[in-house]
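> next comes the sequence, and after it the predicted model I'd like to discuss.
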Amino acid sequence: MLRKSLTLFSPKLGSSSRLLRAPKTINSVTLVGVVHDIQSGFVFEDAVTQFTLTTTSVDTTSSSQECVVEKDHHTIRCYGDVFSAEIKNKIKEGNVICVNGRLRLNPQLESGTNKYYYFPFVHVQPPNGQVSVVHSDRRKAPAPTSPISEEIKDAPSESTEKKPAA
């Protein structure tokens, strides 16, 4: 990490000392979950593809012996004309994806009480964010993979192959 330092001279101590500045704040969110409710449209003039990402976690504080799975639903917004269209074509309902972006708050004014309420969303826009498909459909099992040793066993050996007649 890049740190900026500040050198100060202290007449009392007769020497200079280096003080490290605190790093800038970091706003980065990475989530892996299942895609639902894909929508596209505009926020002011910006093209946006929005979807819900459902993430799961195991509640380890539960006193019961049963495994308690908690689900959270996150709003993801992908901004930019090209990026938004690319994401709309790339992701499908049920995909397992990895999202990296910034946590933002969307203020909404309630006219009856004249109060603002803030709704969180993950803002994804290159170069500060990305979306990657991890698995195409969570309802289907991944294709089986075989170890390299089995691939070698299944490959025909030179002694069993027919050699062309000379």
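Right, received. Where do you want to start?
> would you map the helices across the chain?
81-90, 148-154 (DSSP state H).
> weakest of these by average pLDDT?
Among those, helix 148-154 carries the lowest mean pLDDT, at a mean of 50.
> from residue 49, how far out is residue 85?
Separation of residue 85 from residue 49 (CB to CB, to the nearest Å) stands at 8 Å. To be clear about C-beta, it is placed using only N, CA and C from the backbone, and glycine gets the same treatment.
> the more surrounded of those two?
Set side by side, residue 85 and residue 49 show more neighbours around residue 49, with 24 against 14, by other CB atoms under 10 Å.
> give the contact list for the more buried one.
38, 39, 40, 77, 78, 84, 85, 87, 88 (CB atoms under 8 Å, 6 or more residues apart in numbering).
> please, a ChimeraX command that selects the buried ones among those?
Buried members of the contacts of residue 49 can be picked out in ChimeraX with the line below, counting by 16 or more other CB atoms under 10 Å:
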select :38,77,78,84,87,88
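> and the contacts of residue 49, which is closest to residue 123?
residue 77 (5.9 Å; CB to CB).
> nearest residue to that closest one other than its sequence neighbours?
Nearest residue to residue 77, sequence neighbours excluded (CB to CB, 6 or more residues apart in numbering): residue 50, at 4.9 Å.
> do the same with residue 130
residue 100 (5.1 Å).
> so the one you found touches residue 126, yeah?
No - contact criterion CB atoms under 8 Å: residue 100 and residue 126 do not qualify, at 10.4 Å.
> for residue 108, see how far away the residue most central in space within the chain is.
In the chain, the centroid-proximal residue (CA atoms, centre = their mean) is residue 99; its distance is 1.8 Å. Distance, residue 99 to residue 108, by CB to CB: 23 Å.
> sorry, back to before: do you know how far the residue nearest to the centre of the chain is from residue 129?
Distance of residue 99 to residue 129, given as CB to CB: 8 Å.
> got any residues that touch both of those two?
Joint contacts of residue 99 and residue 129 (CB under 8 Å, 6+ apart) are residue 122.
> quick one: stretch 67-75 to chain centroid distance?
Centroid separation for stretch 67-75 versus its chain: 16 Å, with CA atoms, centre = their mean, to the nearest Å.
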